[in-house]
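> Give me a 3D structure for the following:
(chains A and B)
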Amino acid sequence: MNAPPKAIAGASTFVDDRIGAGNFLKRNLRKIFPDHWSFLLGEIALYSFVILLLTGTFLTFWFKPGMAEVTYTGNYAPLYGVKMSEAYASALNISFDVRGGLLMRQIHHWAALLFVGGMTVHMLRIFFTGAYRKPRELNWIIGILLLSLALLEGLTGYSLPDDLLSGAGLRITQGVAQSIPIVGTYVSFFLFGGEYPGHDVISRFYSIHILLIPGILLALVSAHMILMWVQKHTQMPGKNRTDKNVVGAPFYPAFMIKSGAFFLFTFGVIALLGTFAQINPIWLFGPYTPADISAGSQPDWYMGFLEGALRLMPSWEINFLDHTVTFSVLIPALVPLGLVMTGLALYPFLEQWVTGDRREHHIADRPRNNPHRTAIGISGMTFYGILWLLGANDELSANFHLDLYSTTWFGRFAIFIGPAIAYWITYRMCIGLQRKDAEVLSHGVESGVIKRMPNGQYIEVHTPPAEDIAEHIRGKQEIPMLESAEDGEGIPPKGARSALGRLRLKMSQAYGTDRVPLTDGHHEEGHEEEHAGVGAGDRKELH
Amino acid sequence: MIGTGISVNSITARRRHPLARVAVVALALGLLGGGYALTAPNGSTADAAIASGKADDVAQGKSLFVAHCASCHGLNAEGTKKAPTLIGVGAAAVNFQVSSGRMPAADAGPQAPRKPRAEWATDQAVDQLAAYVQSLGGGPTVPSAEQVDPAKGDPAKGGELFRANCIQCHNFVGAGGALTYGKYAPPLNPATPTQIYEAMATGPQAMPVFNDSTITPEQKRDMIAYITHVRSQVDPGGSGLGRIGPVTEGLVAWVVGLSLLILASIWITAKKRRAA
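Predicted coordinates for the structure are as follows:
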């Protein structure tokens, strides 16, 4: 019964006879993967990355990362005879003179947007299900590194074609570099090889974009996958699922086929976007000169929250010991990114510190079952979302006839109030959903059958929930709390005597207290009649 | 009716339909009325007289001005609290504002929007009004057809000027952009070459003036060549997504790309493996 399928047996024998790794293959090709739609989200990023590597390689065959001035003599008439950098001319050449070049450029760019998008939704899934908990904290941190590097990779790639839009992004990058106290000017000169824009930045970004960061990404992606493989995938709570097993389909053939099909889906969606939706039309932007700037200059979506932060920030600037400190650039550039990335990286450890939970977890939490975590997550998403939205406030203002300054002032308040409201609403929603779960377990599911009692009262008959749903709900785990009991003389435990310790204890109790404990069946008197069964069929009587 | 798939019998049957007479009469009336509307002289005899140059354009313009403009701009175009003086704005300003429907203004918003022309504002009426305002104190005149002919301009040179002078408000393809306090730089797509020229020469509303010493008439023509060329260009990469840059691209990436992929992941995992 446990014998591997013929395809695996044959292949592993072949390998075993030659390099002695047959057992390794046999074991790993039968690796069990749990099945849930949200477990495929990371693959969007993985497969987009594969497409990025392939199309990116194609683009390097023709792209010239130089800033020397050339006169354009290619096929795009409205730029004929215009002086521009080699980089921009070669990017135009790829778009208009290389066969398939425009399609490849567009696929590359769409894949980049979906790469970061896939990482984002994958990360949110991990966060909200608590899949970052022990023993997966390191893989979580690798994920945060991957996301940060992807942002940097996107930034450098966006700058390469040296069109007017990319130049606007480069100028902001330089502004951020300059705003760093004390070393800012030096950093800027070092990065650009002299006065902005200089002649070096494109070739430097090129090396970073096609060699350095992809290399690190590839290494980290491999580590990410190997760790996932070794630690096994988390699974959703359900029947017969414990922290000690994995219930699902084997890698070969079931998961392999699903995963392969999902690659084709990803490729298909990106190819369709690349074919039918124009992205980054560099010929419309024109070549970069530091003197020009266009209305509606925007970064790609994943940098939008930084753009929004910059737009919301009041123009604070101080002069300290003859040095100008530009808070209006420094704060929006560093604080939101720092808050989001550092917060994410530290969250598993903060949660452990608050709950005192040192156990291993292989069963994912349903978001509702950890209301504070879910509320913190949604609150963070609101913070990010408001910044993101207001990064586009000029387009919102132009297309929806809003007053530009009103959007800015709205954002300045919403960025503080919004996350708080989101926290409260999410928390209440989680509690509400837990109550619903408890009701389903104790009370059953509405059957749609109305019954008239002898005394004239009408009741709706409830039936017990389906077994898989009931088991899914029963998979709720308690959130551990720190020991808080005072000893006989009223002295609190050792850790809780300092101010920090008291705070920790308080947070632990807030975080861990289960407000809606599940009870199977319910024992209140006087409700029995509501559950009168109908017939002896599959609707069972419930108490 | 060979080859059309309609049998003669069915036509005969329809001819005898009780409603057939009504239909025939309606058709005849429609043709007659429509034909008259197309061929009839649309305008009064006074317009015909003006067209043949018998009436004085300035005098006609003055009467139009008094009827349609004076309530805000003053009886002698001297300006009031509501609207500025028009002495010295020139014929080009009048032509731009009235031919694009911005004037007469509908209400006092932050900016008068482009809208369909007022009914009385025929090309002729606009010319007369322009002649009257021109007679008050000079100013930029309406450009000749040759001055705004895109075919005579150099789009590449125009593009460089366009990028240096226009796109910071109007966006890189003239899709428009936001300004402060509810004002905005309108999209350039509906503007005629003459209107584009006049806008540069007169600086309407929030727009600065680009006079002939800042940007020569030839350069203006180059810019018109670039603007009209780019706006009529078919997007080579598929749908242009409004040509407003990365905002709509990001929206499409999430709303179309990621949504489709998430649906695919739900679909792929929807079918559960049966227990062996």
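> so who does the residue most central in space within chain B touch?
Chain B has B:Pro190 as the residue nearest its centroid, 3.3 Å off, counting by C-alpha atoms, centre = their mean. When the contact criterion is C-beta atoms under 8 Å, 6 or more residues apart in numbering or on different chains, the partners of B:Pro190 are B:Ser100, B:Arg114. The C-beta positions use only the backbone N, C-alpha and C, and glycine is treated the same way.
> quick one, phi/psi of the one residue in the stretch 51-200 of chain B that gets nearest to chain A?
Going by C-beta to the nearest C-beta, chain A is nearest to B:Gly177 of the stretch 51-200 of chain B, at 2.9 Å. With angles defined as degrees, to the nearest 10, B:Gly177 sits at phi -160, psi 170.
> Distance-wise, check the residue lying closest to it once chain neighbours are set aside relative to A:Gln174.
Spatially, and ignoring its direct neighbours in sequence, B:Gly177 is nearest to A:Ala295 (2.9 Å; C-beta to C-beta, 6 or more residues apart in numbering or on different chains). Note on A:Ala295: its distance to A:Gln174, by C-beta to C-beta, to the nearest Å, is 21 Å.
> can you count the residues close to A:Ser397?
If you count neighbours by other C-beta atoms under 10 Å in any protein chain shown, A:Ser397 ends up with 23.
> Now for it: which residues touch it?
A:Asp403, A:Leu404, A:Thr407, B:Ala178, B:Tyr184.
> For the second one, which non-adjacent residue is closest in space?
Closest residue to A:Leu404 in three dimensions, ignoring its sequence neighbours and counting by C-beta to C-beta, 6+ apart: A:Ser397, at 4.3 Å.
> Which pLDDT value belongs to that neighbour?
A:Ser397 is assigned a predicted lDDT (pLDDT) of 90.
> For the stretch 101-250 of chain A, what lies in contact range of chain B?
A:Leu102, A:Gln106, A:His109, A:Trp110, A:Leu113, A:Leu114, A:Gly117, A:Gly118, A:Val121, A:Leu164, A:Leu165, A:Ala249 (C-beta under 8 Å from any C-beta of the partner chain).
> what's the closest non-adjacent residue to A:Lys31?
Nearest one to A:Lys31, counting by C-beta to C-beta, 6+ apart, is A:Phe251 at 4.5 Å.
> so the one you found makes contact with A:Leu29?
Yes: the criterion here is C-beta atoms under 8 Å, and A:Phe251 meets it with A:Leu29 at 5.6 Å.
> which of these two has more neighbours?
Higher neighbour count among A:Phe251 and A:Leu29: A:Leu29, with 20 against 17, using other C-beta under 10 Å.
> which residues sit in contact with B:Val148?
B:Val148 neighbours (C-beta under 8 Å, 6+ apart): B:Pro193, B:Thr194, B:Ile196, B:Tyr197, B:Lys220, B:Arg221, B:Ile224.
> Would you mind measuring from it to B:Glu198?
With C-beta to C-beta as the criterion, B:Val148 and B:Glu198 are 9 Å apart.
> got the contact list for the residue lying closest to A:Asn240 once chain neighbours are set aside?
Distances taken as C-beta to C-beta, 6+ apart place A:Val247 nearest to A:Asn240, at 6.2 Å, with adjacent residues excluded. By C-beta under 8 Å, 6+ apart, the residues touching A:Val247 are A:Ile32, A:Pro34, A:Gln235, A:Gly238, A:Asn240, A:Arg241.
> what are the ranges of the helices in chain B?
All helices of chain B, identified by DSSP state H, fall at B:8-15, B:20-39, B:45-51, B:57-68, B:70-73, B:90-99, B:123-137, B:155-165, B:167-170, B:193-202, B:217-232, B:246-252, B:259-270.
> What count of nearby residues applies to A:Leu346?
Other residues close to A:Leu346 by other C-beta under 10 Å number 13.
> helices or strands next to the helix or strand hosting it in the packing?
A:Leu346 is located in helix A:327-355, with elements delineated by DSSP states H and E. Other helices and strands packing on helix A:327-355, by 3 or more C-beta pairs under 8 Å, 6 or more residues apart in numbering or on different chains; DSSP states H and E, are helix A:101-128, helix A:137-159, helix A:164-179, helix A:304-312, helix A:371-390, helix A:499-512.
> the inter-axis angle of the third one versus helix A:137-159?
With axes from the mean of the first three to the mean of the last three C-alpha atoms, to 10 degrees as the criterion, the two stretches helix A:164-179 and helix A:137-159 enclose an angle of 120 degrees.
> what residues go with each domain of the chain?
No chain was given, so I picked chain A. Per automatic domain parsing, the domain ranges recorded for chain A read A:1-30, A:37-240+A:247-361, A:366-479+A:514-543, A:480-508.
> hm, I was asking about chain B
Taken from automatic domain parsing, chain B resolves into B:51-137, B:146-232.
> for those, which one sits closest to A:Tyr72?
domain B:146-232 (8.4 Å; C-beta to C-beta).
> Figure out the length between the terminal residues of the closest one.
20 Å (C-alpha to C-alpha, to the nearest Å).
> Any stretches of the stretch 1-150 of chain A with poor pLDDT?
For the stretch 1-150 of chain A, the stretches with pLDDT under 70 are A:1-3.
> So in chain A, which helix runs the longest?
Longest helix in chain A, counting by DSSP H: helix A:404-443.
> now it, how far from the centre of its chain.
A distance of 19 Å separates the centroid of the chain from that of helix A:404-443, by C-alpha atoms, centre = their mean, to the nearest Å.
> now do stretch A:81-94
Per C-alpha atoms, centre = their mean, the centroid offset for stretch A:81-94 relative to its chain is 35 Å.
> Okay, A:Leu145 and chain B: tell me how far apart.
22 Å (C-beta to the nearest C-beta, to the nearest Å).
> Contacts only, for that residue.
By C-beta under 8 Å, 6+ apart, the neighbours of A:Leu145 are A:Leu220.
> Any regions of the chain where pLDDT drops low?
Because you didn't say which chain, this covers chain A. A:1-3, A:520-543.
> actually it's chain B I care about, not the one you picked
B:1-13, B:36-55, B:272-276.
> what about 50?
Residue ranges of chain B with pLDDT under 50: B:1, B:42-50, B:52-54.
> rewinding a little: closest to B:Asp127 among the contacts of A:Ser397?
B:Tyr184 (29.0 Å).
> hmm, back to that, give me the PyMOL select line for the contacts of B:Val148, limited to the buried ones.
Restricted to buried positions by 16 or more other C-beta atoms under 10 Å in any protein chain shown, the PyMOL selection for these reads:
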select buried, chain B and resi 193+194+196+197+220+221+224
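> export the contacts of B:Val148 to CSV and tack on distance to chain A?
Formatted as CSV, the contacts of B:Val148 follow (distance: C-beta to the nearest C-beta, whole Å):
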residue, distance to chain A
B:Pro193, 16
B:Thr194, 21
B:Ile196, 16
B:Tyr197, 19
B:Lys220, 17
B:Arg221, 15
B:Ile224, 13
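> ok, of the contacts of B:Val148, which one's closest to A:Pro419?
The closest of these, once distances to A:Pro419 are taken by C-beta to C-beta, is B:Ile196, at 46.1 Å.
> May I ask you to confirm that the closest one is in contact with B:Tyr226?
No: counting by C-beta under 8 Å, B:Ile196 does not reach B:Tyr226; the two are 10.4 Å apart.
> Just want to check the distance between A:Ala438 and A:Pro464.
14 Å.
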